[in-house]
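S.K.: Structure, please.
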Amino acid sequence: SGQGGCNDFSGGYSVSGSNISIGALVSGMMMCGDPAGVMEQEAQYLAALQSAATFQFDGNRLTLRRGDGATAVVFSRLQ
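M.R.: Got it, this is the predicted structure:
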């Protein structure tokens, strides 16, 4: 679960080794106009999460990669 910029979202995932599959994500239906472009950014973020095929931890960083090896999303843990 998380926050996509305007709406909260949640969904399931499964992991096998370094492979990950993120299922359908359910999000709120609120429309936000500020800041400009936030709804497009949210849609792209959720699509990027669902495109993840593998994951890798490197220190405080989690990288999700698509099946073609391209980076989908990078998360950093704040200390």
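S.K.: Which residue, neighbours along the chain excluded, lies closest to the residue nearest the centre of the chain?
M.R.: Closest residue to the average C-alpha location of the chain: residue 49 at 3.1 Å, with C-alpha atoms, centre = their mean. Nearest in space to residue 49, with sequence neighbours left out and distances taken as C-beta to C-beta, 6 or more residues apart in numbering, is residue 22 at 5.3 Å. For every residue, glycine as well, the C-beta is placed using N, CA and C.
S.K.: Am I right that that neighbour sits in a strand?
M.R.: Yes: counting by DSSP: H, G, I helix; E, B strand; the rest coil, residue 22 falls inside a strand.
S.K.: Who does it form a beta bridge with?
M.R.: Under DSSP bridges, the beta-bridge partners of residue 22 are residue 13.
S.K.: List the residues that contact it.
M.R.: For residue 22, the contact set (C-beta atoms under 8 Å, 6 or more residues apart in numbering) comprises 11-13, 49-50, 52.
S.K.: Would you agree residue 55 is in contact with residue 16?
M.R.: No: counting by C-beta atoms under 8 Å, residue 55 does not reach residue 16; the two are 10.9 Å apart.
S.K.: can you pull out the strands in this protein?
M.R.: Under the criterion DSSP state E, the chain contains strands at 2-3, 8-16, 19-27, 54-58, 61-65, 71-76.
S.K.: Could you dump those strands into a markdown table and include mean pLDDT and distance to residue 34?
M.R.: Converted to a markdown table, the strands of the chain look like this (pLDDT from 0 to 100; distance: least, C-beta to C-beta, whole Å):
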| stretch | mean pLDDT | distance to residue 34 |
| --- | --- | --- |
| strand 2-3 | 94 | 16 |
| strand 8-16 | 97 | 18 |
| strand 19-27 | 96 | 18 |
| strand 54-58 | 97 | 33 |
| strand 61-65 | 97 | 28 |
| strand 71-76 | 97 | 24 |
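S.K.: got the ones you listed as a markdown table, with distance to residue 43 columns?
M.R.: Shown next, in a markdown table, are the strands of the chain (distance: least, C-beta to C-beta, whole Å):
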| stretch | distance to residue 43 |
| --- | --- |
| strand 2-3 | 14 |
| strand 8-16 | 11 |
| strand 19-27 | 9 |
| strand 54-58 | 22 |
| strand 61-65 | 17 |
| strand 71-76 | 14 |
